[in-house]
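Novice: task: produce atomic coordinates for the following.
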Amino acid sequence: MFIATLIAADRLSQADIFRAQEALRAAGMDSREFAWIDEEKAADLSFDGDAVIARSTLEGLLAGVDVIVQAAAGREKKLLISDMDSTMITIECIDELADYAGIKAEISDVTERAMRGELDFEAALDARVALLKGLPVTTLDVCYRERVKLMPGATTLVRTMRARGAYTILVSGGFTHFADPVAADIGFDRAVSNVLGLGADALDGTVARPVIGAEAKRATLLAEMGRLGLSRAETLAVGDGANDIPMIEAAGLGVAYHAKEKAAAAADARIVHGDLTTLLYAQGVSRADWVN
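Specialist: Just a heads-up that it's a prediction; the model follows:
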């Protein structure tokens, strides 16, 4: 048995649900039941059939509605691994640091290409950080205070999952100066990220080894899954860029959040319209049980 969860950015009507059920039946699925998670916001459609076909049938069918298709068994996850930049926060930190150095356009273009998977992540990171050499260390604190904003739904997602027994990790190709306080603010159990090389009072243009990139993100997921004795089905990974693809593919439910094309294509589900609380609805958790 599978579940297709419909989550509306605005309002989900019963007519929308019936339309989705009709589409599933037309595609050869046996869809007989639905249940509200939160009325007019999110609902589950139970069906028998092919989950891949069901997803392709439902995605984009209803305006402003995200769709997550998965097995009914084990939908509530016990491990969350998440990217930071443009996933748990609204910015790319390295681009904002570059703005203080007066080279944002140059660096943000490289960031965008790296997140699309057009450039090697580690090489692109080294090249961008090298351009920041000489930036005063004090700029890191200024940037954090002035630019870092949490993504809507981030705190509710993480704190609700932790309250329900899940372990949560922020794993970022960004920097400890941002990832550590972001993880603390949101409520993650721990954070894994890159360490910038610092001189006496300025960045020295280097990143410590090993670099936290695509493989490190995947390895973190697998290591924690083993440490906690969890099955793959009990894990959830979310990110937006090409360096998130290995962890997205390794998770029981890999989700692309407002993501670049390659990451979206690799994921089990895409969030296009909603915020991060969409991932609570995906697990069948209603608003009454959220930790705000």
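
Novice: what's the mean pLDDT across the helix or strand that contains A183?
Specialist: Using DSSP states H and E, A183 maps to helix 176-186. Average pLDDT, helix 176-186: 98.

Novice: okay, buried residues for that helix please.
Specialist: T176, H177, F178, A179, D180, V182, A183, I186 (16 or more other Cβ atoms under 10 Å). For every residue, glycine as well, the C-beta is placed using N, CA and C.

Novice: now stretch 186-194
Specialist: I186, G187, F188, A191, V192, S193, N194.

Novice: buried residues, the helix or strand where A265 lies. List them.
Specialist: Element membership of A265, judged by DSSP H and E, is helix 261-266. Buried residues in helix 261-266, defined by neighbour count with 16+ other Cβ under 10 Å: K262, A263, A264, A266.

Novice: ok, those vs G226, which is closest?
Specialist: Using Cβ to Cβ, A266 comes nearest to G226 of these, at 22.6 Å.

Novice: same for the helix holding A265, what does it pack against?
Specialist: Under the contact criterion of 3 or more Cβ pairs under 8 Å, 6 or more residues apart in numbering; DSSP states H and E, helix 261-266 touches helix 245-250, strand 253-257.

Novice: let's see it as PDB, backbone CA atoms only.
Specialist: The C-alpha trace of helix 261-266 is given here as PDB (Å, rounded to 0.1, in the frame of the first residue of the first chain):
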ATOM      1  CA  GLU A 261      17.200  20.700 -11.800                       C
ATOM      2  CA  LYS A 262      19.700  17.800 -11.200                       C
ATOM      3  CA  ALA A 263      18.800  17.600  -7.500                       C
ATOM      4  CA  ALA A 264      15.100  17.600  -8.300                       C
ATOM      5  CA  ALA A 265      15.500  14.800 -10.800                       C
ATOM      6  CA  ALA A 266      17.400  12.600  -8.400                       C
END
